[in-house]
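K.L.:
Okay, here's the prediction I keep looking at, along with the sequence it came from:
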Amino acid sequence: MGINLRRMEIHPEDDMVKEHKKKLSLKKITQANRSAWNEVHPVHQKKWQKDFRKLFRDAKYTTLDDIESARLKKIGLKGKKVGQLCCNNGRELISLMKLGAREGVGFDISDEVIREARELAFISGRNCKFIRTDVYDIGKEHYGQFDLVYLTSGALTWLPDLKKFFLLIAKMLKKNGSLMIYELHPFVNMLACEYEEGFQDPLKIAYSYFKKEAWIDNRGIDYIGKSVYQSRTNISFSQTISSIMNSIIQSGIRITEFNEYPHDISGLFTKTVTDMQVPLSYILVGQKK
Ligand SMILES: C[S@@+](CC[C@H](N)C(=O)[O-])C[C@H]1O[C@@H](n2cnc3c(N)ncnc32)[C@H](O)[C@@H]1O
């Protein structure tokens, strides 16, 4: 009763204003992150200790690990069109193309990573296109186009609105198209990282699993070289397994598989953590109904 009364009090304009404000704050977050990712990419390029420009000349070179490759092979990529959201420098999408996909499209907000991705696609000779865009701005021309949408390691944490994000993926998929996520397990959001101030015990629960406030940080995003520097502001989020799953379920994508693993796909955690066999990564597979 109370809820109905409150609904009646809302003028249609109020909803529009609210929606506009929501858009503004979402945009502010993603724009800040574009700037932070543009800043860090040259740092990553120096720290990687891998020259992808040379490595991708080898037709067999891949950055995919065995678990990921096996799962992608089970989905079956022959002749398929694959989209990767938050694709960074394209190394994973280009590697995936070697499993038989016909066409790949990578989307990322950072100008710097997209520049490198296009160069690597050219060097490898794979049929991949890379688009510099905020995922929330992906247009209708990409709807109903993909047999597989793929997300990996450290993509979801940057996204302020998971419901909107998975609804978009559902729109991008063809009927019966697949979603595959290979991500850091939300359990890791409770742990402090080695390079954080005051870090002592890598397995101490330092943060709430249910942290609602965003992480607003000016210490950089150098998870490759693990350097800390005074950086442009980056904004990320702790997401729970339930918030991820509910957003997928509500998008109309049916979850068909969910597996948790104790191995680290980020390179962020110490041997003490990996030896403890705690959940550090997961694979989720879904299908558009
Ligand atoms: C940790 S990387 C994950 C990608 C890949 N698995 C990797 O390890 O390089 C996160 C990527 O998400 C991109 N990103 C962050 N927010 C985004 C947004 N709103 N739209 C598109 N890309 C975004 C960043 O530019 C960055 O390249």
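P.N.:
Received, thanks.
K.L.:
any low-confidence regions in this protein?
P.N.:
Scanning the chain for pLDDT under 70 picks out the ranges 1-24, 195, 197-198.
K.L.:
now with 80?
P.N.:
Low-confidence segments of the chain, defined by pLDDT under 80: 1-24, 49, 193-200.
K.L.:
Close to the ligand: what parts of it are there?
P.N.:
30, 33, 37, 86, 88, 92, 107-110, 113, 134-135, 152-155, 158 (Cβ under 6 Å from any ligand atom). (Glycine included, C-beta is placed from N, CA and C.)
K.L.:
Can you flag which of the residues you listed belong to strands?
P.N.:
F107, D108, T152 (DSSP state E).
K.L.:
Okay, and the residue nearest to the last one when sequence neighbours are not counted sits in which element?
P.N.:
Meaning T152. What sits nearest to T152 in space, not counting adjacent residues and going by Cβ to Cβ, 6 or more residues apart in numbering, is Y182, at 4.8 Å. According to DSSP states H and E, Y182 maps onto strand 173-184.
K.L.:
what's that strand packed up against?
P.N.:
helix 66-75, strand 146-152, strand 281-288 (3 or more Cβ pairs under 8 Å, 6 or more residues apart in numbering; DSSP states H and E).
K.L.:
Show residues contacting that strand.
P.N.:
67-68, 71-72, 75, 144-157, 169, 244, 248, 253, 265-266, 280-289 (Cβ atoms under 8 Å, 6 or more residues apart in numbering).
K.L.:
Show me which of those are buried.
P.N.:
Applying a neighbour-count criterion of 16 or more other Cβ atoms under 10 Å, the buried members of these are 68, 71-72, 75, 145-157, 169, 244, 248, 253, 265, 280-288.
K.L.:
Next, the buried residues of the strand holding Y182.
P.N.:
Of the residues in strand 173-184, those buried (16+ other Cβ under 10 Å) are L173, G177, S178, L179, M180, I181, Y182, E183, L184.
K.L.:
Contacts only, for the closest residue to the fourth one other than its chain neighbours.
P.N.:
Distances taken as Cβ to Cβ, 6+ apart place G286 nearest to L179, at 4.2 Å, with adjacent residues excluded. Residues in contact with G286, defined by Cβ under 8 Å, 6+ apart, are S178, L179, M180, I248, I253, R254, I255, T256.
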